[in-house]
Structures are given as C-alpha cells and as structure tokens.
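Asker: Kindly return the folded structure for what I paste below:
(one chain, ligands or ions: 2)
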Amino acid sequence: LSLLFLGWLTSPSAWHNKYPVAHGSRQSPIDIVPHQASRDPNLSQIVLNYDRCTSINISNNGHSVVVEFDDTDDRSVIQGGPLDNPYRLKQFHFHWGEKGCEGSEHTVSGNSYASELHLVHWNAVKYKTFDEAATAPDGLAVLGIFLDTGDDHRWLHTITDALYMVKFKGSITDFKDFNPKCLLPSSLHYWTYLGSLTTPPLHESVIWIVLKDPITVSEKQLGKFRMLLFTGEEEDQRLRMENNFRPPQPLKGRKVRSSN
Ligand SMILES: CC[C@H](CNC(=O)c1ccc(S(N)(=O)=O)cc1)c1ccc2[nH]ccc2c1
Ligand SMILES: [Zn+2]
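Answerer: Numbering: from 1, shown residues only. Ligands and ions are numbered 1, 2, ... in the order given. Here you go, the predicted structure:
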C-alpha cells in the first residue's frame, strides 16, 4: 500500500526498526493459556471507581477511536488487584479486525476475539504526567475487555452513533457524560501480567489486567467501527480502519497470574 510504502502506516513486523524495544522482554499483547496461569490468593479483586468520571471527547487518532477523560484529579480510578496505587482513567479505545474471527490483541489458548477494548490508566501517585508514567515500569495499568459477536450491546450504540463524526484521522468531537462502566462484563475475574503499549512507542510500562469474560456486541455494531478511516480528510487514498491489532508477542519467561 502506498501508505505502507510511505512508512506512515507501518506494519507491526516493521516497528522494531524505529522502536528496538519491539523485541524487548515484556512486550504486549500475549497469548494467555489459562491452565498455565498461576492462581494467586494474594491477588485481591480489582475495584473500578468510575462513578464520577468525566468523558470529554471522542477522536480518530489514525490508529483507533479514542474516548478521553478528565484526569486532572482522582475522579475515576482503578485500584486493587496487582496495583499498589490507584491509577487514573485517561482514555479508552478499541482494536478490531476485518471479519468476526480476529481483531483482539490478546488471545486465549490461541483463540482471538472479534475486538478488544482497552481502558488506559496512569499512576498519578508516583508520576506527575501521563507521558512520564508512560515510560515507567509501573506507570500504566490497562484494563483489557474482549468483545464477542452476538446480540446488540445495549449501551455500545452511544459510541457507534458518534463514529460518523470522527470518520477521518485527526477528527475529534465532544463526547460528554459517558461512563465506561456500562461496557463491563458481569464478572471482574482477570489475568494479569507485566507488558507494554501495543502500539509505538511500545513502552514497557503497562501492568495488564485482562478480564476473562467478554462482552457481547453485534456484527452490525462492530461493522460501524470499520467505516472509520486510517486516512485524513485531505488525503486522496481512503483506507478503512480495520485490523488495527498487534499479534501476540513472546512471553520470554513472564508469569501470568489469575485472580480467584
Ligand atoms: C507515550 C505514548 C503516547 C501515545 N500512546 C498511548 O497513549 C497508548 C496508550 C495505550 C496503548 S494500548 N493499546 O497498549 O492500550 C497504546 C498506546 C504518546 C503520548 C504523547 C505523545 N507525544 C508524542 C508522541 C506521544 C505518544
Ligand atoms: Zn490498545
């Protein structure tokens, strides 16, 4: 593709050229093998205090669709589980494929889900800014939620109805009063391991918390994500935004722990 050639839209296998950490010791995503995960009785449940969260906008950053939150205080935090501090919600975004059978970043015993939602949080107790936290080994905590296809998700329409406003890379629009609690599955059982950002700059700064249970969305709802474009309004090439997922990376001896 000309965009690939232009080096703008680089494929995951080429990222190591500019970001050598792509071959690092704690890269994400990974394939999670449930029976090889160690059940850790010291792992408490995760607690999501999102009731006073303030969503601000929704945007297309050329990699995904992102909903950003006001992270100037501790109004919406994740805590507990593997986390030593509360981590502030900064944004959430999605990864998806071009057909239902692939699209998630983490896989479970080699199986992909149709999509994966990432709620990105940062350690504001230890670090002053997100950018500083994003380069620290315990700087970020990302909550991963798998999306399965089936019936319509009763609340996802609030997001999919806004996607036409952010079709092009670089577009942004107001997106207020959205609480991501409505996107959680019934159980908060999880796997957790030390990993990285799954897109450049691939910083090894993420404590991953991946929920075991998926949420269900319809093919129709997922199809609306695929009408987003990787390209900006001014570009003559129109590239549909799909397959924006990085494949699983080597575990390199890491332990995956499981909540009870
Ligand atoms: C430091 C990275 C940051 C942009 N990226 C992210 O915030 C991010 C967050 C989560 C994930 S995932 N899929 O793992 O959940 C991937 C990327 C970022 C922030 C500010 C910046 N200024 C210039 C470049 C730049 C990059
Ligand atoms: Zn992500």
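Asker: in terms of contact, does Leu48 touch Leu83 like I think?
Answerer: No: using CB atoms under 8 Å as the test, Leu48 is too far from Leu83 to be in contact (11.4 Å). In this view, the C-beta of every residue, glycine as well, is placed from N, C-alpha and C.
Asker: Ignoring the adjacent residues along the chain, who's closest to the spatially most central residue of the chain?
Answerer: Geometric centre of the chain, nearest residue: His118, 2.4 Å, by CA atoms, centre = their mean. Distance criterion CB to CB, 6 or more residues apart in numbering; nearest residue to His118, sequence neighbours excluded, is Val142 at 5.2 Å.
Asker: The one you found reaches Ser205, doesn't it?
Answerer: No: at 9.8 Å, Val142 does not count as touching Ser205 under the criterion of CB under 8 Å.
Asker: Report the residue spans of this structure with pLDDT below the cut-off.
Answerer: Low-confidence segments of the chain (pLDDT under 70): 1-8.
Asker: mind running it again at 80?
Answerer: 1-9, 100 (pLDDT under 80).
Asker: now the helices for it?
Answerer: 2-5, 15-18, 130-133, 157-160, 219-225 (DSSP state H).
Asker: hmm, who's touching stretch 148-164?
Answerer: 58, 65, 67, 100, 113-114, 173, 175, 178, 182-183, 214-222, 224-225, 227-228 (CB atoms under 8 Å, 6 or more residues apart in numbering).
Asker: give me the number of residues near Pro12?
Answerer: By the measure other CB atoms under 10 Å, the count of residues near Pro12 is 15.
Asker: Next: His63.
Answerer: 16.
Asker: What distance do you get for it to Asp161?
Answerer: Distance of His63 to Asp161, given as CB to CB, to the nearest Å: 22 Å.
Asker: One more: Gln249?
Answerer: 34 Å.
Asker: More neighbours: which of the two?
Answerer: Gln249 (21 against 10).
Asker: residues contacting the residue lying closest to the more buried one once chain neighbours are set aside?
Answerer: Nearest residue to Gln249, sequence neighbours excluded (CB to CB, 6+ apart): Gln27, at 3.9 Å. Residues counted as contacts of Gln27 (CB under 8 Å, 6+ apart) are 21, 195-196, 202, 204, 249-250, 252.
Asker: swap in Glu204?
Answerer: Glu204 is in contact with 21, 24-27, 137, 194-196, counting by CB under 8 Å, 6+ apart.
Asker: run the last query once more with 10 Å
Answerer: Applying CB atoms under 10 Å, 6 or more residues apart in numbering, we find Glu204 in contact with 21, 24-28, 135-137, 139, 194-197.
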